[in-house]
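> missing the sequence, but the structure's below:
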Ligand SMILES: C[C@H](O)[C@H](O)[C@H]1CNC2=NC(N)=NC(=O)C2=N1
C-alpha cells in the first residue's frame, strides 16, 4: 500500500508541481489543478487521455468537468492523503497537457500549504 509522503519528500517533490500550476486542495491532503480548453470536445479528449493513464496506473483522479473546464484533485484513498502515486499521476497529466490547447487556470492555493517548514 502506498504511504503518505514524508515532510522531506514533500519539500523535494511538490515545488516543481507548484511551478506547473498545481496547488493545495482546500481542507484535504491533496493537490489540484484546473485547465480551460477551447471547447467541450477538447476538454473531454484530455479527460479520456487522463483516464487511460489513470487506469494503467490503477490510480484515479477526483475530477469535475463543466463544458471547457476540467478540475482535477489528486490524493490516495488508501493512505488518506498524498503519496508518490499522486506525484506520478500529476507528472503524467502534465506531459499530456503539453500537446493540447488547454491552459492551466492560475490562482491555485499555494502548494506550500502542504509542505511543513524544515527544522
Ligand atoms: C482496488 C484498487 O486497486 C484501489 O481501489 C485503487 C484504485 N484507484 C485508486 N485511486 C486513488 N486515487 N487512490 C487509491 O487508493 C486507489 N486505489
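Alright, I've got the coordinates. Computed from a predicted structure; not experimentally measured.
> so what does the longest helix seen in the chain touch, helix or strand wise?
The single longest helix within the chain, with elements called by DSSP state H, is helix 40-57. Here helix 40-57 touches strand 62-66, strand 69-74, helix 84-97, going by 3 or more CB pairs under 8 Å, 6 or more residues apart in numbering; DSSP states H and E. In short, each C-beta sits where N, CA and C put it, glycine included.
> now, of those, which is deepest in the fold?
Stretch with highest mean neighbour count among those: strand 69-74 (a mean of 20; mean count of other CB atoms under 10 Å).
> hmm, it touching the ligand?
No. Contact of strand 69-74 with the ligand is not found when judged by CB under 6 Å from any ligand atom; the minimum separation is 6.7 Å.
> Okay, now the sheet partners of that strand, with direction.
When pairing is defined by DSSP bridges, strand 69-74 lines up against strand 31-36 (antiparallel), strand 62-66 (antiparallel).
> Tell me which residues are up against that strand.
25, 28, 30-37, 43, 46-47, 50, 61-65, 82, 86, 89-90, 93, 102, 105 (CB atoms under 8 Å, 6 or more residues apart in numbering).
> Alright, calling it a day.
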